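Colleague: quick one: sequence plus predicted model below, questions after.
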Amino acid sequence: MNGRALLRVAALVGWFAVAAPLHLLTRATGRSRWPRRFLRVATRIMGARLTVEGAPLAPGTLIVANHTSWLDIPLLAGATGCAFVSKQEVRGHPLLRWLADQNATIYVDRSDRRGMPAQAQAIRAGLARGQALAIFPEATTGDGGTLLPFKPALLSAVAPPPDGVTVRPVAVDYNGAAPEFGWHGDETGKDNARRVLGRRGSVPVTVRLLDPLPPLKDRKALAGMARDAIAAALAPSGVAPAGL
């Protein structure tokens, strides 16, 4: 790990030491705003300069977003205050699980086809809390230059959407630098984190809150519309849908 990465890690630990007690104190008296505050500052420490474009999210919005890097998670949460639908494996990492739990993460096992109805119900219950909820239908991170196919299974929770729920595609745009942040192939999580945190300078990242999708009963059509909207938003930055 180079010196730049070590400095960023030290700054993140120091910021966590400040924010975590304030979060726990605030949570004891009601809903805490500190997870969003912590993550927004953390992304800046990690070298991202965040800009948000588009109309604000309504309560109970399901965000459908592209997925390039683990950095997408703090960027989206810092930009919108959303919670996430996360893969079950996160529960096996004590620190990651604690951090995820502070932001009301919902865990799903994508390989459990029989559990899909219960997972859809958990997503609907999460949306009923009023906090925006984000899913990554690519189901994995990518190389930064390709938008992978969207898996529609989790969208069964909003096809059709419950009353008061809106589905919004959201493009996380690294403005041409996404290949420098992509996490794919045989690269380990530790190696990717070292590379991202050790990167020189900063990168502008735009979180584009795109227009809401119409209510649809077909989850595959919903996934296709979301992917098309995100692909159009990312095209100027050189990201192309897989297969084109």
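Modeller: Yep, that arrived. Fair warning: this is a prediction, and the values are worked out from it, not measured in the lab.

Colleague: what ranges do the helices span in this protein?
Modeller: With DSSP state H applied, the chain shows helices at 3-27, 34-45, 72-80, 94-102, 116-128, 189-197, 219-234, listed in chain order.

Colleague: buried deepest among those, which one?
Modeller: helix 72-80 (a mean of 24; mean count of other C-beta atoms under 10 Å). Heads up, the C-betas are built off the backbone N, CA and C, glycines and all.

Colleague: so what's the residue count around Glu187?
Modeller: 14 (other C-beta atoms under 10 Å).

Colleague: ok, and the closest non-adjacent residue to it?
Modeller: With C-beta to C-beta, 6 or more residues apart in numbering as the criterion, Glu187 has its nearest non-adjacent residue at 7.9 Å, and that residue is Arg195.

Colleague: for the one you found, give its distance to Asp173.
Modeller: 20 Å (C-beta to C-beta, to the nearest Å).

Colleague: what sits against the residue nearest the centre of the chain?
Modeller: The chain has Ile73 as the residue nearest its centroid, 3.7 Å off, counting by C-alpha atoms, centre = their mean. With contacts taken as C-beta atoms under 8 Å, 6 or more residues apart in numbering, Ile73 has the following neighbours: Leu39, Phe84.

Colleague: does Ile106 touch Arg124 like I think?
Modeller: No: distance between Ile106 and Arg124: 10.3 Å, which falls outside the contact criterion (C-beta atoms under 8 Å).

Colleague: hey, which helix or strand in this protein has the poorest pLDDT?
Modeller: For the chain, scoring each helix and strand by mean pLDDT, DSSP states H and E identifies helix 94-102 as the least confident one, at a mean of 87.

Colleague: quick one: that one to helix 72-80, angle?
Modeller: Relative orientation of helix 94-102 and helix 72-80, computed by axes from the mean of the first three to the mean of the last three C-alpha atoms, to 10 degrees: 30 degrees.

Colleague: roughly how far is helix 94-102 from the heart of the chain?
Modeller: 15 Å (C-alpha atoms, centre = their mean, to the nearest Å).

Colleague: okay, the angle between that helix and helix 34-45?
Modeller: Our comparison of helix 94-102 with helix 34-45, counting by the same axes, to 10 degrees, yields an angle of 120 degrees.

Colleague: got the end-to-end distance for stretch 82-95?
Modeller: 20 Å (C-alpha to C-alpha, to the nearest Å).

Colleague: if we can go back for a sec, now the angle from the least confident helix or strand of the chain to helix 3-27?
Modeller: 50 degrees.
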